[in-house]
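*Asks:* Return a 3D structure for these sequence lines:
(one chain, ligands or ions: 1)
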Amino acid sequence: MSEARIIDGKALAARVQEKVAKAVAELKKRHGLTPGLAVVLVGDDPASQVYVRNKGRRTVEAGMRSFEYKLPADASERELLDRIAKLNANPDVHGILVQLPLPRQIRTSAVIDAIDPEKDVDGFHVVNAGRLMTGRKGLVPCTPKGCILLIKQVRKTLEGLQAVVIGRSNIVGKPLAHLLLAENCTVTIAHSRTRDLPEVTRRADILVAAVGRPEMVRGDWIKPGAVVIDVGINRVKGEDGSPKLVGDVAFAEAHKVASAITPVPGGVGPMTIAMLLVNTVQAACRQKRVPVPKVLKDYV
Ligand code: NAD
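*Replies:* Alright, predicted model coming up:
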């Protein structure tokens, strides 16, 4: 069997970003609308700081307004909820993202509940989760949305395919399972209590790993010809002792069996921010009651 095609998430994300920039230019010209994204960071977790900086940079590159708010690590839940209430009321802010994870004194669910569902560009609010589950239009979580676009790079239609998602988080696994269901896949969600996981994954035409365990999925867990999407981002020590990133899939083994696979880094990761930009445009259009520019029609 020939080696798998590598699905280039970096290149696809760059194409999406270009289209977002075109859409934003059109919205400014036609409707005087500049979409705005507010990102709130609590504390000084280094990885979160990098994510927040990248999100702000990409937002500005796409021609949108970026608002950044930093609260100290010991900020109270009340302080964060007050900030969210102000952002909910600000007409220049169309999207609100609170960077997770939050410090222990703040309840994540209380924060997600406080965000106006129309500005919930992460798609984590129960209203948006409910819309996704019931097949209504809403804001869809960015990472799963990016996964679907990556799969569509190599499979035009997903109808009738067996899809297995490993991981059942509210951020990745569960919403992705619903998106695959909406594409008419037969969906299995596997998780930490699944029995004989390799036997389950070997049935998958589309296999998504969103676990957070370095290289857990081995080559012999994969059906020959399957499409493999690796969501995991794991920091491990390389052979020379320096840190490196690996996914949840043993890439070298999987590459020999699958028909297509996403790399880590450069697969799912870049798509997440690209989808955040799309969601911000979608939210802005809905709030201003103007249509989403046609250039983004494949993404909303
Ligand atoms: P999570 O910890 O919330 O969920 C992990 C899931 O994996 C759980 O549902 C659990 O049941 C399952 N699991 C744990 N051990 C297992 C095992 N041995 N066998 C089968 N299932 C097992 O994590 P998450 O937020 O969904 O993230 C998953 C991974 O994806 C992490 O590595 C994270 O860094 C990465 N991630 C990447 C992006 C991106 O932009 N690329 C975005 C979000 C998350």
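*Asks:* Going by C-alpha atoms from here, please, whenever you check contacts or count neighbours.
*Replies:* OK.
*Asks:* How far does stretch 275-285 sit from its chain's centre?
*Replies:* A distance of 13 Å separates the centroid of the chain from that of stretch 275-285, by Cα atoms, centre = their mean, to the nearest Å.
*Asks:* What lies in contact with it?
*Replies:* Contacts with stretch 275-285, where a contact means Cα atoms under 8 Å, 6 or more residues apart in numbering, come from 17, 20, 23-24, 35-37, 58-59, 62, 94-95, 118-119, 121-122, 139-140, 142-143, 145-146, 291-292, 296, 299-300.
*Asks:* out of the residues you listed, who's near the ligand?
*Replies:* Applying Cα under 6 Å from any ligand atom to the contacts of stretch 275-285, one finds that residue 143 fall near the ligand.
*Asks:* Buried subset of the contacts of stretch 275-285, written for ChimeraX?
*Replies:* The buried residues among these can be selected in ChimeraX (16 or more other Cα atoms under 10 Å) with this line:
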select :17,20,23,24,35,36,37,58,59,62,94,95,118,119,121,122,139,140,142,143,145,146,292,296,300
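*Asks:* From the contacts of stretch 275-285, which land in helices?
*Replies:* 17, 20, 23-24, 58-59, 142-143, 145-146 (DSSP state H).
*Asks:* Rebuild those as CSV, extending it with pLDDT.
*Replies:* Output for those, formatted as CSV (pLDDT from 0 to 100):
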residue, pLDDT
17, 98
20, 98
23, 98
24, 98
58, 97
59, 98
142, 98
143, 98
145, 98
146, 98
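*Asks:* which residues in the protein form strands?
*Replies:* Secondary structure of the chain (DSSP state E): strands at 5-6, 36-42, 65-71, 95-98, 162-166, 186-190, 206-209, 227-230, 234-237, 243-246, 260-261.
*Asks:* With distance to residue 215 and mean pLDDT as added columns, please give these in JSON lines.
*Replies:* Below are the strands of the chain laid out as JSON lines (distance: least, Cα to Cα, whole Å; pLDDT from 0 to 100):
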{"stretch": "strand 5-6", "distance to residue 215": "17", "mean pLDDT": "98"}
{"stretch": "strand 36-42", "distance to residue 215": "30", "mean pLDDT": "98"}
{"stretch": "strand 65-71", "distance to residue 215": "34", "mean pLDDT": "98"}
{"stretch": "strand 95-98", "distance to residue 215": "29", "mean pLDDT": "98"}
{"stretch": "strand 162-166", "distance to residue 215": "13", "mean pLDDT": "99"}
{"stretch": "strand 186-190", "distance to residue 215": "16", "mean pLDDT": "98"}
{"stretch": "strand 206-209", "distance to residue 215": "10", "mean pLDDT": "99"}
{"stretch": "strand 227-230", "distance to residue 215": "10", "mean pLDDT": "99"}
{"stretch": "strand 234-237", "distance to residue 215": "9", "mean pLDDT": "95"}
{"stretch": "strand 243-246", "distance to residue 215": "7", "mean pLDDT": "95"}
{"stretch": "strand 260-261", "distance to residue 215": "14", "mean pLDDT": "98"}
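*Asks:* Appreciated, that's everything.
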